[in-house]
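Student: Build me a model:
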Amino acid sequence: MFIKQITSNFNYDNLQYWHDIPAIKNMNTLKFTQPVTLFIGENGSGKSTLIEAIAVHYGMNAEGGGRNFNFSTQDTHSNLDAELRIGKLHMPEDTYFLRAEGFYNLASNIDSLGDIINSYGGKSLHHQSHGESFLALMQHRFRKNGLYILDEPESALSPMRQMNMLVRMHELVMQGCQFIIATHSPILMTYPDAEIIEFNDTGMTSVNYQETDHYLITKAFIERPKMMIDTLLNEE
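Tutor: Prediction:
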């Protein structure tokens, strides 16, 4: 564990959009109790905004990568990191920010840096499928005693590949790594003893896996797909 807690120190003299996001606005202190913490919630609930701020606070590139990446295709990240106080237990040996929506640009930057590709398995990430390149990053680039911030990593992964990701993530946790992940995946949420933090209209709430909408809706849909479709499409 590297991050112990995050405490807000908001500057309301200079109002920004994140000051109006309920989950972030109502955050006083967020504690991290497990090596894997999952941020869940509806689109626009603030998960990516907070996870980006944590990554930037640690010196990671806002569009993805580690401390030594500084490319930028469009400067859209917030300055929320400046309004957070992060309680640290100790510093990680390695850090990396995986941002699914900017992965193409990250892969292009890796290609432009030449020999760095050897740290990613020796094959251009552009020469693999989207899902294969995500897993190559975790398999070859991530290493022990690392802090890894992942924003919707499941976006490129099939259900089987998400299970492969769980296996690799567990290997890394056993080697002293900490993960903070924003996700919509009910598969990734099954990681044993993971802390699941739901972002909602009142703030942030710690929830059990089987209490999440992701689990309940997926379960209901799989058990009665025809009824769900008929209801959604208003068919008799």
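
Student: Do you have the strands of the protein handy? List them.
Tutor: Along the chain, the segments classed as strands by DSSP state E run 3-8, 29-31, 36-41, 84-88, 94-99, 146-151, 178-182, 195-199, 204-207.

Student: Mind putting those into a markdown table with mean pLDDT?
Tutor: Output for these, formatted as a markdown table (pLDDT from 0 to 100):
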| stretch | mean pLDDT |
| --- | --- |
| strand 3-8 | 94 |
| strand 29-31 | 94 |
| strand 36-41 | 97 |
| strand 84-88 | 91 |
| strand 94-99 | 89 |
| strand 146-151 | 95 |
| strand 178-182 | 97 |
| strand 195-199 | 97 |
| strand 204-207 | 95 |
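
Student: Dump the ones you listed to a markdown table, plus mean neighbour count and distance to residue 20.
Tutor: All C-beta atoms are positioned from the backbone trio N, CA, C, and that covers glycine. As requested, the strands of the chain are exported to a markdown table (neighbours: other Cβ atoms under 10 Å; distance: least, Cβ to Cβ, whole Å):
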| stretch | mean neighbour count | distance to residue 20 |
| --- | --- | --- |
| strand 3-8 | 16 | 14 |
| strand 29-31 | 16 | 18 |
| strand 36-41 | 24 | 15 |
| strand 84-88 | 15 | 17 |
| strand 94-99 | 22 | 23 |
| strand 146-151 | 24 | 21 |
| strand 178-182 | 24 | 19 |
| strand 195-199 | 21 | 14 |
| strand 204-207 | 16 | 16 |
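
Student: Of those strands, give the one that comes closest to residue 229.
Tutor: strand 36-41 (24.6 Å; Cβ to Cβ).

Student: show me what contacts the closest residue to residue 202 other than its chain neighbours?
Tutor: Spatial nearest neighbour of residue 202, chain neighbours left out: residue 22 (6.3 Å); criterion: Cβ to Cβ, 6 or more residues apart in numbering. When contacts are counted by Cβ atoms under 8 Å, 6 or more residues apart in numbering, residue 22 touches 45-46, 200-203.

Student: all helices for this protein, in order.
Tutor: For the chain, the helices defined by DSSP state H cover 22-25, 47-57, 103-112, 130-136, 159-173, 213-223, 225-232.
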